[in-house]
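Peer 1: Here is a sequence together with a model predicted from it:
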Amino acid sequence: MNPPADTRANGPGNGVAINPSDVSDVMDVENPRRVGVALSGGTAKVIAHVGVLKALEEAGLAPDVLAGTSGGSLIAVLYASGLTVKELEDLADEVNWRKLANVHLPKLGLLSSQRIEDFVRELVGDLRFEDLKIPTDVIATNLLTGEKTVFSSGMVAPIIRASCSIPQIFGPVRVNGGLYTDGGVIEYLPIETLLERHCRVNVGVHLGAYMDFSEPPRHLLGMIMRVIGLVAVRNARASEKLADVIIKPDLRDFGGFDLKRADEMIEVGYQCGLAAVPQILACLEHEESLWTKLKSKLRPRSQDVTESE
């Protein structure tokens, strides 16, 4: 049973505060962004994001803005590039780890992540963020500053590679003079980043909500993933509080590197996404009601000037 979504403590729509004094900063009146979706990391489990996007699309809630961390950034960019859900489903059935990693033993990791960049280029070429059909932010961690970096411009392939480069497993990636590793180290669930896009409703898809740490790691790879998982879960707790709706697919039955059960993970994501639709619609209705009331109270600036004269 998947407890699929939580509305936040302050009620529906608390992710965007509408204030008449800065309304132009909060929302574009002519082209409001209704739904923003943040996709967490999750290694192979990020395939479940495809199911969530499918459910939202069918409900007429396709995201107007996306933010992605680690493997979530890969799904976000591919979807934002124009690939359909069906194409993503077919791709999930075909992908394997040989396409995404190779044993090259870089100095700072067990594997090289070059194949992730090559994989993205095979699918979308030398696409730039500026050319995506949906505005998308990708989060990576800058090892030279210790800070989060949000990428929303430039070539997508090397930046996806950087965001997906799990520390110690993959070596870090140089981009524009910085040295980057997995964005999940700082923001596993990129709600804080999504809020900067000022959507009416901010939805987070948290794939690590049911991580099970009860069994001890059995090998080096397991130890690395345990540490990364603990870091991710901790910073995701803070991110959850910022969202209007959190979707939490229960993926405990799937391994973090199991790419052979793509159809099952997509179905779990799909059912969880469907279950969250009423809550998202409730949040939208609440926000749009507030916005309608606010607009009725606002006067054009030109009218104020005329009256003052």
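Peer 2: Good, I have the coordinates. Residues are numbered from 1 along each chain as shown.
Peer 1: so where is the stretch 1-150 of the chain shaky, pLDDT-wise?
Peer 2: 1-32, 95-106 (pLDDT under 70).
Peer 1: redo that, cut-off 90
Peer 2: 1-33, 42-44, 91-115 (pLDDT under 90).
Peer 1: Mind naming the longest strand for the protein?
Peer 2: strand 136-142 (DSSP state E).
Peer 1: give me the number of residues near residue 255?
Peer 2: 12 (other Cβ atoms under 10 Å). Quick note: C-beta positions are derived from backbone N, CA and C, even for glycine.
Peer 1: The closest residue to it other than its chain neighbours in helix, strand or coil?
Peer 2: Excluding the flanking residues, the one nearest residue 255 by Cβ to Cβ, 6 or more residues apart in numbering is residue 44, at 7.1 Å. With DSSP: H, G, I helix; E, B strand; the rest coil as the basis, residue 44 sits in helix.
Peer 1: Residue 136 versus residue 44, what's the distance?
Peer 2: Note on residue 44: its distance to residue 136, by Cβ to Cβ, to the nearest Å, is 21 Å.
Peer 1: And residue 87, by the same measure?
Peer 2: Distance from residue 87 to residue 136, by Cβ to Cβ: 17 Å.
Peer 1: Would you confirm that residue 89 contacts residue 266?
Peer 2: Yes: if you go by Cβ atoms under 8 Å, residue 89 and residue 266 touch, sitting 6.1 Å apart.
Peer 1: which neighbours do those two share?
Peer 2: 50, 54 (Cβ atoms under 8 Å, 6 or more residues apart in numbering).
Peer 1: Which residue of the two possesses the greater neighbour count?
Peer 2: Taking other Cβ under 10 Å, residue 89 and residue 266 do not tie; residue 266 has more neighbours (23 against 17).
Peer 1: Confirm the more buried one sits in a strand?
Peer 2: No: counting by three-state DSSP, residue 266 is not part of a strand but helix.
Peer 1: Residue 91 is in contact with that one, correct?
Peer 2: No: at 11.0 Å, residue 266 does not count as touching residue 91 under the criterion of Cβ under 8 Å.
Peer 1: okay, residue 87 and residue 136: which has more neighbours?
Peer 2: residue 136 (23 against 14).
Peer 1: ok, the more buried one to residue 67 distance?
Peer 2: Taking Cβ to Cβ, one finds residue 136 at 7 Å from residue 67.
Peer 1: Report the central residue of this protein.
Peer 2: For the chain, residue 39 is the residue whose C-alpha lies nearest the centre (Cα atoms, centre = their mean; 2.2 Å).
Peer 1: and the nearest residue to residue 128 once chain neighbours are set aside, how many neighbours does it have?
Peer 2: In space, and not counting its chain neighbours, residue 128 is closest to residue 155: 5.8 Å by Cβ to Cβ, 6+ apart. Using other Cβ under 10 Å, residue 155 is surrounded by 17 other residues.
Peer 1: can you pull the contacts of residue 155?
Peer 2: 126-128.
Peer 1: By neighbour count, which of those wins?
Peer 2: With neighbours taken as other Cβ under 10 Å, the top of the contacts of residue 155 is residue 127, carrying 19 neighbours.
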